[in-house]
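Asker: I would like the atomic coordinates for the input below:
(one chain, ligands or ions: 2)
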Amino acid sequence: MFNSPQIISICNDQNFFIDVASIEHIKVTSKITPQLISKLIKNLKPNYIVLSGKYLKVKEWIKYFSQLNINISLELENDDLLNHLKNYNNCIYQIRYPIFLDELIKNKTRYFKNIIKLASMNNEYRVIIIYITNKSFKYLDLLDVFVERLIKLDFMVCIFPLPINFLKEEYRITKNEFWTLANTVNKIADKFAPMVYGDFPVCSHLYPNLEGMCPSIELLINISQDGTLTPCRFTNLNLGNIKYDAINSVWAKWKSIDKGLNNPCNHCSSLSSCRSGCIANWDTSKNIDQYCHFI
Ligand code: SF4
Ligand code: SF4
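Answerer: Ligands and ions are numbered 1, 2, ... in the order given. Just a heads-up that it's a prediction; the model follows:
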């Protein structure tokens, strides 16, 4: 039996990733509302919700959720919101500001202007998420310099290689690149611990500084703009819909997929920390994360 997730992620749109994502943009006819999600919040009692989406109606959604007394983590995908954010300072527990590494380095003045504005906000946690695609690799030597600058501004830094199945083919990271990145991020995390972390499930046995376990389902569940429930926003694995399905059937579906039952993982000493890696990196023909070191 699964525990209730501690985090509900609500992804109002994937427009931040429109250039790089292979996941189809769903033509939504009937959108989720905060009222619909509030039933799930009352039922599951998560620790916090993550709101994301470039066109998220911040004012409306934050006003509604702040009445439910729940921690709100906002992924700030629209720079225009920066000027209004101070109005919601008391309701937002965490701000996450996403950036692609190549854009950060090419447009550093523009991004650092925003980052300095964000640094003046007094949220308990402020995180810069640095997304990596294959276009990032020519700037990898500069990653530690930029991470240090962000840490000096009192941000935590999350470095996240976007999963292979989420990306269009021309943005995908090869296995060699993935492990080069893991090695680089491990060294940076070692130098700046605990201010740097990453989402690298298959690396935990070699790189203890990198985040081991995929947080989806037992920690996190994602709701897309049409109500589809997925393990996280980077996979379109459909577990049901918040409008029609009971949460128990969603859990049962996830359990029936049971990543741990595939062969190579079953005998792996890292299974308890890796849990068969990231579902959005799965090679479905082998039923395993295609970045796994052992295949
Ligand atoms: S074999 Fe499975 S559990 Fe082991 S490291 Fe690879 S993906 Fe993770
Ligand atoms: S499925 Fe992959 S991208 Fe999603 S939370 Fe798990 S490790 Fe991260």
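Asker: ok, for Ser73, nearest residue in space, not its chain neighbours?
Answerer: Gln94 (3.9 Å; Cβ to Cβ, 6 or more residues apart in numbering). Backbone N, C-alpha and C define where each C-beta goes, glycine included.
Asker: Apologies, that question was intended for Ile247.
Answerer: Across the structure, with Cβ to Cβ, 6+ apart as the measure, the residue nearest Ile247 apart from its sequence neighbours is Asn43 (6.6 Å).
Asker: Now the longest helix seen in the chain: buried residues?
Answerer: For the chain, the longest helix by residue count, based on DSSP state H, is helix 175-192. In terms of neighbour count (16 or more other Cβ atoms under 10 Å), helix 175-192 has its buried residues at Glu177, Phe178, Trp179, Leu181, Ala182, Thr184, Val185, Asn186, Ile188, Ala189, Phe192.
Asker: Next: stretch 11-18.
Answerer: The neighbour-count check on stretch 11-18 (16+ other Cβ under 10 Å) flags Cys11, Asn12, Asp13, Gln14, Phe16, Phe17 as buried.
Asker: At the contact with ligand 2, which residues of this protein appear?
Answerer: By the criterion of Cβ under 6 Å from any ligand atom, the positions of the chain lying close to ligand 2 are 163, 199, 201, 214-216, 231-232, 234-235, 278-280.
Asker: of all the residues you listed, which comes closest to ligand 1?
Answerer: Closest to ligand 1 out of the residues of the chain next to ligand 2 is Pro201 (6.9 Å), distances taken as Cβ to the nearest ligand atom.
Asker: Whether the worst-scoring helix or strand of the chain on mean pLDDT contacts ligand 1 - can you check?
Answerer: Taking all helices and strands of the chain together, the one with the lowest average confidence (mean pLDDT, DSSP states H and E) is helix 263-266, at a mean of 78. Yes. Applying Cβ under 6 Å from any ligand atom, one finds helix 263-266 touching ligand 1 at Pro264, Cys265.
Asker: Return the set of buried residues in that helix.
Answerer: Taking 16+ other Cβ under 10 Å as the criterion, helix 263-266 shows Cys265 as buried.
Asker: What mean pLDDT does stretch 167-186 get?
Answerer: Across stretch 167-186, the average pLDDT comes to 96.
Asker: just the CA coordinates of that stretch, formatted as CSV?
Answerer: These are the backbone C-alpha positions of stretch 167-186, laid out as CSV (Å, rounded to 0.1, in the frame of the first residue of the first chain):
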residue,chain,number,x,y,z
LEU,A,167,12.6,16.0,-24.7
LYS,A,168,12.4,16.3,-28.4
GLU,A,169,15.1,14.2,-30.0
GLU,A,170,17.4,17.1,-30.9
TYR,A,171,17.6,18.1,-27.2
ARG,A,172,18.2,14.7,-25.7
ILE,A,173,21.2,14.0,-23.5
THR,A,174,23.3,10.9,-24.4
LYS,A,175,24.3,8.4,-21.7
ASN,A,176,27.9,9.7,-21.8
GLU,A,177,26.8,13.2,-21.4
PHE,A,178,24.5,12.2,-18.5
TRP,A,179,27.3,10.6,-16.6
THR,A,180,29.7,13.5,-17.3
LEU,A,181,27.1,15.8,-15.9
ALA,A,182,26.6,13.5,-12.8
ASN,A,183,30.3,13.6,-12.1
THR,A,184,30.5,17.4,-12.5
VAL,A,185,27.4,18.0,-10.3
ASN,A,186,28.6,15.6,-7.7
